[in-house]
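[1] Here is the input, now give the coordinates:
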Amino acid sequence: MQIGVLTLRFMLHGCRSLKEKRQRLGGLRDRFGKSPSIAVCESGYQDAHQRAEWTFVAVAQTVRLVEQMLGEIEQRVRDYTDASLVDVVRELR
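    All right, here's what the predicted structure looks like:
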């Protein structure tokens, strides 16, 4: 069993409230949290309006599959999120 952790940090330019922040990023949990192989949570900056940090944990039989899942998450977040991605950290455990 292989485990990968992907931490994404965002800047939400022009975001004026926590409610707006949740609306702009809230779909991450819905989009990726349904998979039994992926856990997702808002892991930092919960009280900041214009910053966010989300962490994704992927579990699979091989490192290749874990890397593939994390790569797909990162690409989909880049394509569909209304926020600037400012930092990406990947770890394999």
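
[2] I'd guessed L28 sits against T81; true?
    Yes: the pair L28 and T81 passes the contact test of C-beta atoms under 8 Å, sitting 7.3 Å apart. Using the backbone N, CA and C atoms, a C-beta is placed for each residue, glycine as well.

[3] So for the two, which residue has more residues nearby?
    Summary of the neighbour comparison: L28 and T81, criterion other C-beta atoms under 10 Å, with L28 having more neighbours (23 against 19).

[4] I'd like to check which residues are in contact with that one.
    L28 makes contacts with 40, 54, 77, 81, as judged by C-beta atoms under 8 Å, 6 or more residues apart in numbering.

[5] so of those residues, which ones are in helices?
    Among the contacts of L28, the residues falling in helices (DSSP state H) are V77.

[6] now, which of the contacts of L28 sits nearest Q46?
    Q46 lies nearest to W54 out of those, by C-beta to C-beta, at 10.8 Å.

[7] Number of residues surrounding the spatially closest residue to that closest one that is not a sequence neighbour?
    Leaving aside its sequence neighbours, W54 sits nearest to L8 (C-beta to C-beta, 6 or more residues apart in numbering; 5.2 Å). L8 is flanked by 24 other residues according to other C-beta under 10 Å.

[8] ok, and L8, which helix or strand is that part of?
    Taking DSSP states H and E as the criterion, L8 maps to strand 2-11.

[9] Contacts for that strand, please.
    Counting by C-beta under 8 Å, 6+ apart, strand 2-11 makes contact with 25, 43-45, 50-63, 65-67, 69-70, 73-74, 77, 81, 83-93, all of which sit outside it.
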